[in-house]
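[1] following is a predicted model, sequence given first.
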Amino acid sequence: MNLNSLILQSLPTYFFWIRHCQHQIMAKAMVAVYGDEHMTEHHASTFADLGVCPELVDACDALGWKQPTKIQVEAIPYALKGMDLIALAQTGSGKTAAFALPILQALLEHRRPFFACVLSPTRELAIQIAEQFEGLGAAIGLVCSVLVGGVDRIQQVISLARRPHIIVATPRRLLDHLTDTKGFSLNKIKYLVCNLRICSSFCDLLEGIRWLLTLDVVAYQCC
């Protein structure tokens, strides 16, 4: 399955695509999961049942999340295995945590800067995603950088100089920094997430993502 075929199918309007960027030469099969109670393959009543580590289970408790949602139950086990994944669910279903928890768990095992990049179609959604990452990572010293339009680029360059673990960005502003910010590259990231909304501008956004992925040719030819 690829992003082009996804547009042609009768699927929910909101989805995220998570790419494990170690799969440079031969990617594992991409898995599609759905936040639909009638299409459940996994069963779990707690985040620990899904394989989430104690530190992040505590973080979920601190945020008041006692039970995983449908999309989290379906997506997290695959993501924890490092599999490429497309997940589809309605807004408000817990999609952000479904990709944030596996990424943070992998970060705990191999702590390093520029670990993951999350692409968002809008500035507002990018900020919300970053806030969830920061909430889940508050106890582990997570550093997150948000790269969006309408914000002073100099402040964003300073943020990148802190060598964040997670970057959350809109495609166009990320492209600006990749081309103009000296020393900034994504050639070492482990995870790329496209958190998208199929809408009238979807194809333009997809084309921007294709452009982004071709900048670091070896690691990101994955559309």
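    Good, I have the coordinates. Numbers count the residues shown, from 1 in each chain.

[2] so where is the protein shaky, pLDDT-wise?
    Along the chain, the parts satisfying pLDDT under 70 run over 1-42, 196-223.

[3] go with 50
    Filtered on pLDDT under 50, the chain yields the residue ranges 1-15, 23-29, 38-39, 200, 215-223.

[4] got the residue ranges for the helices in it?
    When assigned using DSSP state H, the helices of the chain occupy the ranges 3-8, 54-62, 70-80, 95-109, 123-136, 153-161, 171-180, 202-215, 217-220.

[5] how about those helices in a markdown table, adding distance to Cys144 and mean neighbour count?
    For the C-beta atoms, the positions are set from N, CA and C on the backbone; glycine is no exception. What follows is the helices of the chain, written out as a markdown table (distance: least, CB to CB, whole Å; neighbours: other CB atoms under 10 Å):
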| stretch | distance to Cys144 | mean neighbour count |
| --- | --- | --- |
| helix 3-8 | 25 | 12 |
| helix 54-62 | 14 | 16 |
| helix 70-80 | 19 | 25 |
| helix 95-109 | 10 | 22 |
| helix 123-136 | 5 | 19 |
| helix 153-161 | 9 | 14 |
| helix 171-180 | 14 | 17 |
| helix 202-215 | 19 | 16 |
| helix 217-220 | 21 | 14 |
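
[6] now render the ones you listed as CSV, adding distance to Ala89.
    Below are those laid out as CSV (distance: least, CB to CB, whole Å):
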stretch, distance to Ala89
helix 3-8, 14
helix 54-62, 18
helix 70-80, 4
helix 95-109, 6
helix 123-136, 15
helix 153-161, 30
helix 171-180, 22
helix 202-215, 17
helix 217-220, 25
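
[7] export stretch 156-166 as PDB, just CAs?
    Taking Å, rounded to 0.1, in the frame of the first residue of the first chain, the C-alpha atoms of stretch 156-166 are listed here in PDB:
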ATOM      1  CA  GLN A 156      13.100  28.200  15.400                       C
ATOM      2  CA  VAL A 157      16.800  28.100  14.500                       C
ATOM      3  CA  ILE A 158      17.700  28.600  18.200                       C
ATOM      4  CA  SER A 159      15.300  25.800  19.000                       C
ATOM      5  CA  LEU A 160      17.000  23.500  16.500                       C
ATOM      6  CA  ALA A 161      20.400  24.400  18.000                       C
ATOM      7  CA  ARG A 162      19.200  22.800  21.200                       C
ATOM      8  CA  ARG A 163      19.200  19.500  19.300                       C
ATOM      9  CA  PRO A 164      15.700  18.400  20.000                       C
ATOM     10  CA  HIS A 165      14.600  14.800  20.200                       C
ATOM     11  CA  ILE A 166      11.400  15.400  18.300                       C
END
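
[8] right, and Leu142 touches Ile166 too?
    Yes. Leu142 is in contact with Ile166 according to CB atoms under 8 Å; the separation is 6.8 Å.
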